[in-house]
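[1] Need coordinates for the below:
(chains A and B)
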2 protein chains.
Amino acid sequence: MTATPAWPPQSAPRLHVETQLGEGVAVPIDGNPAHYLISVMRVKPDDIVLLFDGRSGEWAARVRDIRKRDLVLDCVQQTKPPEHVPDFWLCCAPIKKGRIDLIAEKACELGVARLQPVLTRRAVVDKLNLDRLHSHLVEAAEQCGRTALPDLADMVKLDALLKSWPADRHLFFADETGGAALDATLRAHPGPAAFLVGPEGGFDPAERDAIRATPGAVPVSLGPRILRAETAALAATAAWMALNGDWN
Amino acid sequence: MTATPAWPPQSAPRLHVETQLGEGVAVPIDGNPAHYLISVMRVKPDDIVLLFDGRSGEWAARVRDIRKRDLVLDCVQQTKPPEHVPDFWLCCAPIKKGRIDLIAEKACELGVARLQPVLTRRAVVDKLNLDRLHSHLVEAAEQCGRTALPDLADMVKLDALLKSWPADRHLFFADETGGAALDATLRAHPGPAAFLVGPEGGFDPAERDAIRATPGAVPVSLGPRILRAETAALAATAAWMALNGDWN
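    Residues are numbered from 1 along each chain as shown, chains lettered A, B, ... in the order given. Predicted coordinates for the structure are as follows:
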């Protein structure tokens, strides 16, 4: 047996693009991604770059026409089919900058299908820079091998989210006033799901009542220690992926 | 029925101290913690501050003798017994500054008993500022209600760690070349455990063989996506806590 070189090359840069990919499609690249390929990764003509557009899987593309600030990539072969991630939404209140960015990055890596910002009464932040969150999702997807980004939904008020909640989707939430063990509860509730995480100050009592009254709501406990909002979001997502997602 | 005010007050600041706590013990506070209490939290005489020393549980202490740069706290009552966290170690290769700090913070919140830095061949960082990590553990413990810090061990080389591995402690590790589903594997291996996470570049093949050959080693899979080192560490810890720890 002869060892064949890995295809695509393991060191190939990976890039999210807006252009719809397919056999023979030429993808012009400029701006920051061009700077990254030309000056940071120092690609040469005929080098391979991996591309994904969020709908067409992953494609190997060959470098040509490198100029100072742009280059062209020619799609040569599909290397991964379109992605199916488990049907899991992470719904979370906006929290301060670095920590919401962390949620976006880790949610993408962990395999979340949709990130849904939710405005609650005790939120200390009431605006969210969706462009910045989108950039974090792109960077995480490039890094972790996903071929699609999580959907990033516009921020909605908690009332509106609950009022239109799809009854066939479990709405897990961390109930500090007592909830069932996460392990057994997740196992007892397979299927489409979401986890709702409040802001640092938690939900207020009226919000908590409204969540409980929502068809599909399932209170759980995340253990005896107080978790920061982003820790709760990531721990709950990891546990769901391990138990009900595609980690097994 | 008359509503009694919560004791200790929910808004009481929480502080880790080195002084051994007990009934009637006077705890002098200076430096940064004094600045925090006096200038940030603006404590007044007779206010309550919650203290923990890592061995004596949590104590409510009363403020007195506030001066410009120091104050004294008198222990008045134990408010929590000494903590028992599940017997779980997180063993991880040093990674760059912000990301190893994140591991320390989240490991503490999630309930890790010991944080063990491990030097591996592909580590891009070979020094670790243990004082800085200790500060992150302290801050996280103050925040999350723990009354003891995780043990922070000195960094050891991987060979040395494996050679002296206690055979009665499961050594879970994420095996990128294939490992069993996390869910079922954790469930099949209750009891004292550790999770070993490599650096960004993973373990080299010889290291992987050495890990596999260690009595107690259990390869697992963390799913189909590539996780950053710190994401793997936190996801594995959260899953272990949910399944085998004290979250149920």
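[2] CA only for contacts and neighbour counts going forward, please
    OK.
[3] Tell me the helices and strands packed up against the lowest-mean-pLDDT helix or strand in chain A.
    For chain A, using mean pLDDT, DSSP states H and E, the weakest element among its helices and strands is strand A:180-181, scoring a mean of 90. With contacts taken as 3 or more Cα pairs under 8 Å, 6 or more residues apart in numbering or on different chains; DSSP states H and E, strand A:180-181 sits against strand A:217-221.
[4] What's the mean pLDDT across the strand it packs on?
    Averaged across strand A:217-221, pLDDT comes to 95.
[5] Now tell me what touches the helix or strand where A:Phe172 lies from outside.
    Per DSSP states H and E, A:Phe172 falls inside strand A:170-174. Here strand A:170-174 makes contact (Cα atoms under 8 Å, 6 or more residues apart in numbering or on different chains) with A:189, A:191-197, A:216-222.
[6] Could you check how far the closest residue to A:Ala12 other than its chain neighbours is from chain B?
    Taking Cα to Cα, 6 or more residues apart in numbering or on different chains as the measure, A:Ala12 lies nearest to A:Val49, with 5.3 Å between them; neighbours along the chain are not counted. As judged by Cα to the nearest Cα, to the nearest Å, A:Val49 and chain B stand 18 Å apart.
[7] swap in A:Ala236?
    To chain B, A:Ala236 is 8 Å away according to Cα to the nearest Cα.
[8] Break chain A into its domains for me.
    The record's domain split for chain A, according to automatic domain parsing, is A:14-80, A:88-243.
[9] could I get these as a markdown table with mean neighbour count?
    Shown next, in a markdown table, are the domains of chain A (neighbours: other Cα atoms under 10 Å in any protein chain shown):
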| stretch | mean neighbour count |
| --- | --- |
| domain A:14-80 | 18 |
| domain A:88-243 | 20 |
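[10] Among the contacts of strand A:170-174, name the ones that also lie close to chain B.
    Contacts with chain B within the contacts of strand A:170-174, counted by Cα under 8 Å from any Cα of the partner chain: A:221-222.
[11] tell me which of the contacts of strand A:170-174 is nearest to B:Gly31?
    The nearest member of these to B:Gly31, counting by Cα to Cα, is A:Leu222 at 34.8 Å.
[12] was I right about that closest one contacting A:Asp183?
    No - counting by Cα atoms under 8 Å, A:Leu222 stays clear of A:Asp183, with 9.6 Å between them.
[13] which residues are common contacts for the two?
    Residues touching both A:Leu222 and A:Asp183 comprise B:242, B:247, with contact defined as Cα under 8 Å, 6+ apart.
[14] ok so, going back, and the angle for the strand holding A:Phe172 with strand A:217-221?
    Calculated by axes from the mean of the first three to the mean of the last three Cα atoms, to 10 degrees, strand A:170-174 forms an angle of 30 degrees with strand A:217-221.
[15] Could you export strand A:170-174 as CSV, CA atoms only?
    Extracted in CSV, the C-alpha atoms of strand A:170-174 (Å, rounded to 0.1, in the frame of the first residue of the first chain):
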residue,chain,number,x,y,z
HIS,A,170,-39.0,21.5,24.8
LEU,A,171,-38.1,24.8,26.5
PHE,A,172,-35.5,23.8,29.2
PHE,A,173,-34.7,26.5,31.7
ALA,A,174,-32.5,26.7,34.8
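[16] No more questions from me, cheers.
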